[in-house]
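K.L.:
predicted structure and sequence below. I'll ask about it afterward.
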Amino acid sequence: MHSNLWVEEKFEDFLGLKFKVEKVLFSGKSEFQTVDVVETKGHGKMLLNDGLIMVTERDEFAYHDMITHVPLFVHPNPKNVLVIGGGDGGTAREVIRHPSVEKCTMVEIDGMVVDACKAHIPQTAGALDDPRINLIIGDGVKFVQETNEKFDVIIVDSTDPIGPAQPLFGEAFYRDVFSCLTDDGIVVSQGESSWYALEIQQSLLKVLNAVFPNNYLYSFSNLTYPGGLWSFTFASKKYHPVNDFNPARVAESGLDFDYYNAALHSAAFALPSFAQKGLAGLICNGK
């Protein structure tokens, strides 16, 4: 028997990405969103929240490498890291590969996402039981409001600015993030598509500029997101993501990567001209 099932992610009313599905592994509806895990023909297991592709086994390493290793190789000694969101577990998995990290707190609002990934996508969720990961099922916005902890690096691994992730794109949230970072802290956030979401990027960078002195955008290639070219924002109290990056640390770490490397680290901050023009005055790239 051959499956004729396809899953399609639609972007607004003019773009669709379709993937052949071999098997539905999990479907549920939490108080926040629908959660689905499917086995696809060409991309391995795939997680979708509200019908939007979050990760696939084929390309998840690109996203998780770039959201994690860029800030952790700029900060000279990251010991305490906070991940907000990231329910598939891939970001926390990469964080604890750094031997300097003593503790990684992960605050994910939707326990169904974590449970579904633990059951069906161990490639990303397999490290969530590591003793250095403090997994909290709760509201990341409330967590940064209330915590007294200080973090060296905060990673906002959120979905798009709709539904439960919407507050993660606001100024009040980033003022709380600033308060719970150390004096040389860094925050990296999911920064949307330069092709299709320029207004969201502008809005997020205006928020970051109101709070942080140094703000940048960097890009990477994502196989299964609309447009392929995707971004993260990098905001810091002190460090420049390229000038304060020592490429030798990457080789000395002994870590092996499938996407990230020292040359790509710096190159990721060289943006296409259309992105530079669209974000003029909002980013410090090239300075």
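P.N.:
Yes, it's here.

K.L.:
wait, what's in contact with residue 69?
P.N.:
Residues in contact with residue 69 (C-beta atoms under 8 Å, 6 or more residues apart in numbering) are 94, 255, 257, 260, 265. Placement of C-beta: from N, CA and C, glycine included.

K.L.:
in which helix or strand does the first one reside?
P.N.:
Going back to what we said before, that points to residue 94. For residue 94, the host element (DSSP states H and E) is helix 90-95.

K.L.:
please apply the same query to the fourth one.
P.N.:
Under DSSP H and E, no helix or strand contains residue 260.

K.L.:
would you map the helices across this protein?
P.N.:
In the chain, the segments counted as helices under DSSP state H are 60-74, 90-95, 111-120, 122-125, 140-146, 171-179, 198-211, 247-253, 262-267, 273-278.

K.L.:
number of nearby residues for the residue lying closest to residue 94 once chain neighbours are set aside?
P.N.:
Distances taken as C-beta to C-beta, 6 or more residues apart in numbering put residue 68 closest to residue 94, at 3.9 Å, once the chain neighbours are dropped. A count of nearby residues for residue 68, using other C-beta atoms under 10 Å, gives 28.

K.L.:
so how far is residue 255 from residue 68?
P.N.:
Spatial separation of residue 68 from residue 255 under the definition C-beta to C-beta, to the nearest Å is 11 Å.

K.L.:
for residue 132, give me its contacts.
P.N.:
When the contact criterion is C-beta under 8 Å, 6+ apart, the partners of residue 132 are 96, 101-104.

K.L.:
now do residue 187
P.N.:
With contacts taken as C-beta under 8 Å, 6+ apart, residue 187 has the following neighbours: 71, 153-156, 174, 177-178, 181, 212, 234-236.

K.L.:
again with residue 92
P.N.:
Residue 92 is in contact with 83, 86, 104, 106, 127-128, 133, 135, counting by C-beta under 8 Å, 6+ apart.

K.L.:
quick one: which of these is nearest residue 228?
P.N.:
Lowest distance from residue 228 to the contacts of residue 92 (C-beta to C-beta) belongs to residue 86, with 21.6 Å.

K.L.:
to residue 16, which of the helices of the chain lies closest?
P.N.:
Between residue 16 and the helices of the chain, the tightest spacing by C-beta to C-beta is seen for helix 198-211, at 20.0 Å.

K.L.:
pretty sure residue 224 contacts residue 44?
P.N.:
No: judged on C-beta atoms under 8 Å, residue 224 makes no contact with residue 44 at a distance of 10.6 Å.

K.L.:
more neighbours: which of these two?
P.N.:
In this view residue 224 and residue 44 are compared by other C-beta under 10 Å, and residue 224 has more residues nearby, 21 against 16.
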